[in-house]
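Peer 1: this one's structure only:
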């Protein structure tokens with residue numbers, strides 16, 4: 001698993017996950033349970049990570065960068 005993005009809010013992570021899913025890339029938010037239980041923990045753990053399989057990483061990064069522009 002590789003991290004595509006690390007964001008501050010769960011809705012940002014969900015948006016990235018949904019955009020990747022629209023391109024047939026499965027993504028996970030491993031920190032989802034922790035920050036849903038206590039949203040203030042996101043800064044303590046260094047952000048909320050969005051991860052994909054290693055083989056999907058390059059395409060996922062391209063999609064994420066396109067989202068930023």
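Peer 2: That came through fine. In this text, all values refer to a predicted model and were calculated from it rather than measured experimentally.
Peer 1: residues in contact with the residue most central in space within the chain?
Peer 2: Nearest to the geometric centre of the chain sits residue 50, at 2.1 Å (Cα atoms, centre = their mean). Applying Cβ atoms under 8 Å, 6 or more residues apart in numbering to residue 50 gives the contacts 3-7, 13, 16-17, 20, 27-29. Where C-beta positions appear, they are placed from N, C-alpha and C, glycine not excepted.
Peer 1: can you check residue 15 too?
Peer 2: Per Cβ under 8 Å, 6+ apart, neighbours of residue 15: residue 67.
Peer 1: which parts of stretch 8-15 are buried?
Peer 2: Going by neighbour count (16 or more other Cβ atoms under 10 Å), the buried part of stretch 8-15 is 10, 13-14.
Peer 1: For the residue nearest to the centre of the chain, give its distance to residue 57.
Peer 2: 11 Å (Cβ to Cβ, to the nearest Å).
Peer 1: Residue 38: neighbouring residues, count only.
Peer 2: Using other Cβ atoms under 10 Å, residue 38 has 9 neighbouring residues.
Peer 1: Tell me the pLDDT of it.
Peer 2: pLDDT recorded at residue 38 is 74.
Peer 1: one step back: can you name the two of the contacts of residue 50 that sit furthest apart?
Peer 2: 6 and 20 (14.7 Å; Cβ to Cβ).
Peer 1: Mutual contacts of residue 50 and residue 57, please.
Peer 2: Residues touching both residue 50 and residue 57 (Cβ under 8 Å, 6+ apart) are residue 4.
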